[in-house]
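Enquirer: Quick check, what structure comes out for this input:
(chains A and B)
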Amino acid sequence: MNSRKEILSRIQKNKPEAKAMPVGFTGMSSYTFNDFLQMLEKVGGRSVKLHEIGDLRTWLRQEFGKEDLVVYSEWGGYSGNHSLVDPVNVDQMQHIDIAILEGEFAVAENGAIWVEKFRHRAIPFITQHLLLVISQKAMVSTMHEAYELLKSWKAPGFGVFISGPSKTADIEQSLVYGAHGPRSLTIVFLDNL
Amino acid sequence: MKGHPQQSIEFLKNEGRVNWHDETLWWVRQRRDNAAHGLTEWERLREKASEIKDYTLSHLDELLLNFEEKAIQNGIRVHWAGDAKEHNQIVHRILKEKKIDFVVKSKSMLTEECGLNHFLEEQGIEVIDTDLGERIVQWMQQKPSHIVLPAIHLKKGDIGAVFTEKLGLPQTNDAQVLTEAARQDMRKYFVASKVALTGVNFGLAKEGAFVVCTNEGNADMGVHIADVHIASMGIEKLIPKQEHLGVFLRLLARSATGQPITTYSSHFRSPSPGKEIHLILVDNGRSAILGKPDFRSSLKCIRCGACMNTCPVFRKTGGHSYESVIPGPIGAILSPHKDPVRYKSLPFASSLCGSCTAVCPVKIDIDKQLYLWRQELSKKDNMGRAAHFLAGEILASPSWFNFGSRSFYFFHKKFPALVNRLLKPFTGKRPLPEAAPQTFREWYKKNA
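Expert: This is a model prediction of the structure:
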């Protein structure tokens, strides 16, 4: 408790003259759906349109080339073959091949999706591959607009912008996907524009 | 203390590697340029970020109090640490309560600054660095050489060798194979860990929340599986409110690596039911820097590393030559606050070209502070002061200058080996060229 007091009193003594709170940022560029697709590709993700791939089950098997995939889905449009039981622990999650979650909205300027709904916070990271299902209409142009939407962010205690699959370039700057988190990220768009 | 010039000798021995380091970081700098030029509002974003941080510093006490109050309401346990030692003790106390013998830790320059790994290991607690680059340097018993690219001083061969030693992997230079091996190995620790440590990129005063950015997903793998998350945050990491993240997250990754945003920008506001989040607010000299008007703007730093990638001295001498936790231009102006004797050579590890200031996303006047530090540090150094005085007098007087340059010319021509020896370390890697047949002044008089 002492340190708290000391730190605060040092700051009080040393801080510069009060500055006014800067006004909000205005005059940003605007980005389109196509910008989002380009950025998504750049960050190593990809997108599909649900009505174009036909049956999701068949498509998953084709894309991920494995018969006995462990698919965990929280999206109402698809039931996987894996369920979680409370209290959810790591043993129930660590063999998930594909997790299908709902994204809240996309950000066109950087290919990111805001995700805040999951049974357990580790799911979007521990899964081998991640599918985020989202409406094509749920898109903002820049991060400024993203935070306008998040001003009313109340419900869960954790949320994350996800832009592409997990990656690293720590070995001689060679880019590798699948560092510790998902090896791939697929955005599944629900409707036509 | 050896100082930067002597310390860089080791790195400079391998010319091929120096050139690779130089070119690779320049390539990262170019990626930053491409990303920045892609935004017409880039300069206005830098301006805004700088204003927001100026506001923060001028209201830091109120903002910290608000942050604390809101964070506690959100269920986060807030601790205050005056210095590194207190920070380490707080972490240790939490770990002892949980009776654990290892922790997973994602990248945090603050815990490096506090020497946390060493401290915990002395208490018998193993620290597993989970960022791939940090894991590699940890295995090699080294320190990160760059704040964003910790293993940038290493080549695939070195890394392959340590994987062979530590994991029994057959020697390979394939980054894909190496990363996969690290992934498999690290999962064992992730799934078993009870406590995970992270740094903090931004604290949100109004919301009592905080944000951690990674590309690998290692911070999230650690904290969501563990029961306890301990986040260490420098008090200067605060911003007034969440909407300001719009400015900072647009700048951070673009400045650091040229990415439009990091893969994961994780927003923590409260722990999952039954779990704990501890947040440690660390001062460790920051409030003192706040009291120095010429230097306080260095507290605006968001640790993107852009100043390192662009710095000709950093690129050519490597991060370890600085011997400080934070190397490069920003490290050279931060470290002397901690220890002006130990780090006295760092502000001189610069050509004062100002490239760092030109790329800094929060517009810290790094080159100006390097210059001011030189003034400051020279005051304490009698030899240096005498040399500066002499240089000032000689350069201000044409006749003294003429005399000086003629004398130097004489000695250089007659005793080149002696002059080269006397001018070390300047001449260590690049000896003076042979003296010209006449001085420029002589030539000019004849030919003008």
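Enquirer: so what's the residue lying closest to B:Val91 once chain neighbours are set aside bridging to?
Expert: Leaving aside its sequence neighbours, B:Val91 sits nearest to B:Ile230 (C-beta to C-beta, 6 or more residues apart in numbering or on different chains; 5.9 Å). No exception for glycine: its C-beta is placed from N, CA and C like everyone else's. On the basis of DSSP bridges, B:Ile230 is bridged to B:Leu197, B:His278.
Enquirer: Can you check the pLDDT for B:Ile230?
Expert: pLDDT recorded at B:Ile230 is 98.
Enquirer: isn't it right next to B:Ile94, touching?
Expert: Yes. Counting by C-beta atoms under 8 Å, B:Ile230 does reach B:Ile94; the two are 6.0 Å apart.
Enquirer: Compare these two (neighbour count), which wins?
Expert: Neighbours per residue (other C-beta atoms under 10 Å in any protein chain shown) separate B:Ile230 from B:Ile94, with B:Ile230 holding more: 24 against 20.
Enquirer: what residues are up against the more buried one?
Expert: B:Val91, B:Ile94, B:Val195, B:Ala196, B:Leu197, B:Thr198, B:His278, B:Leu279, B:Ile280 (C-beta atoms under 8 Å, 6 or more residues apart in numbering or on different chains).
Enquirer: hang on, the first one packs against B:Gly115?
Expert: No. In terms of C-beta under 8 Å, B:Val91 does not count as a neighbour of B:Gly115; the distance is 11.5 Å.
Enquirer: between these two, who's got more neighbours?
Expert: B:Val91 (27 against 15).
Enquirer: Sketch out the low-pLDDT regions of the chain for me.
Expert: I went with chain A, as the question did not name one. In the predicted model, chain A carries pLDDT under 70 at residues A:1, A:155, A:192-193.
Enquirer: Wait, chain B was what I had in mind.
Expert: B:1, B:425.
Enquirer: now that we're looking at the most centrally placed residue in chain B, which residues does it contact?
Expert: Among the residues of chain B, B:Ile326 comes closest to the average C-alpha position under C-alpha atoms, centre = their mean, at 3.2 Å. Neighbour list for B:Ile326: B:Met109, B:Glu113, B:Ile147, B:Arg303, B:Leu334, B:Ser335 [criterion: C-beta under 8 Å, 6+ apart].
Enquirer: What ranges does the chain have for its strands?
Expert: I'll assume chain A. Assigned by DSSP state E, the strands in chain A fall at A:46-49, A:71-73, A:98-102, A:105-107, A:112-115, A:129-134, A:139-140, A:158-162, A:167-168, A:176-177, A:184-189.
Enquirer: my bad, the chain I had in mind was chain B
Expert: With strands called from DSSP E, chain B shows them at B:77-81, B:102-105, B:126-129, B:195-198, B:202-204, B:209-214, B:228-234, B:238-239, B:264-268, B:276-282.
Enquirer: What residues sit buried inside the longest helix along chain A?
Expert: Secondary structure of chain A read by DSSP state H shows that its longest helix is helix A:2-14. Residues of helix A:2-14 classed as buried: A:Ser3, A:Arg4, A:Ile7, A:Leu8, A:Arg10, A:Ile11, A:Asn14 (neighbour count, 16 or more other C-beta atoms under 10 Å in any protein chain shown).
Enquirer: mind exporting stretch B:13-21 as CSV, just the C-alpha atoms?
Expert: C-alpha atoms of stretch B:13-21 as CSV (Å, rounded to 0.1, in the frame of the first residue of the first chain):
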residue,chain,number,x,y,z
LYS,B,13,33.9,-9.9,-36.4
ASN,B,14,31.5,-11.7,-38.8
GLU,B,15,31.0,-9.3,-41.7
GLY,B,16,28.6,-11.6,-43.5
ARG,B,17,26.3,-11.7,-40.5
VAL,B,18,26.5,-8.0,-39.9
ASN,B,19,25.4,-7.4,-43.5
TRP,B,20,22.6,-9.8,-43.1
HIS,B,21,21.4,-8.2,-39.9
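Enquirer: Next, the buried residues of it.
Expert: Applying 16+ other C-beta under 10 Å to stretch B:13-21 flags B:Arg17, B:Val18, B:Trp20, B:His21 as buried.
Enquirer: got a winner among the contacts of B:Ile230 for most neighbours?
Expert: B:Leu197 leads the contacts of B:Ile230 on contacts (other C-beta under 10 Å) with 32 neighbours.
Enquirer: Just to check, that one is in contact with B:Ser106?
Expert: Yes. B:Leu197 is within contact range of B:Ser106, at 7.2 Å (criterion: C-beta under 8 Å).
Enquirer: quick one: common contacting residues for those two?
Expert: With C-beta under 8 Å, 6+ apart, B:Leu197 and B:Ser106 have common neighbours B:Gly222.
Enquirer: Could you count how many residues lie near the closest residue to B:Gln259 other than its chain neighbours?
Expert: Once flanking residues are discounted, B:Gln259 sits nearest to B:Ala253: 4.3 Å by C-beta to C-beta, 6+ apart. Residue neighbour count, defined by other C-beta under 10 Å, stands at 24 for B:Ala253.
Enquirer: show me the contacts for B:Ala253.
Expert: Here B:Ala253 is in contact with B:Cys213, B:Gln259, B:Pro260, B:Ile261, B:Thr262, B:Cys304 (C-beta under 8 Å, 6+ apart).
Enquirer: I'd like those laid out as TSV, including distance to A:Gln92 and neighbour count.
Expert: Converted to TSV, these look like this (distance: C-beta to C-beta, whole Å; neighbours: other C-beta atoms under 10 Å in any protein chain shown):
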residue	distance to A:Gln92	neighbour count
B:Cys213	28	23
B:Gln259	33	24
B:Pro260	34	22
B:Ile261	31	25
B:Thr262	28	26
B:Cys304	38	25
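Enquirer: Quickly check those for the two that are furthest apart.
Expert: B:Pro260 and B:Cys304 (13.8 Å; C-beta to C-beta).
Enquirer: how far away is whichever residue of the stretch 301-448 of chain B sits closest to chain A from B:Ala256?
Expert: As assessed by C-beta to the nearest C-beta, chain A sits closest to B:Asn309 within the stretch 301-448 of chain B, at 11.4 Å. Per C-beta to C-beta, to the nearest Å, B:Asn309 is found 8 Å from B:Ala256.
Enquirer: Give the residues shared as contacts by those two.
Expert: With C-beta under 8 Å, 6+ apart as the test, B:Asn309 and B:Ala256 both reach B:Arg32.
Enquirer: Compare these two (neighbour count), which wins?
Expert: B:Asn309 (30 against 25).
Enquirer: Roughly how far does the more buried one sit from B:Leu197?
Expert: 27 Å.
Enquirer: With that, I have no additional questions.
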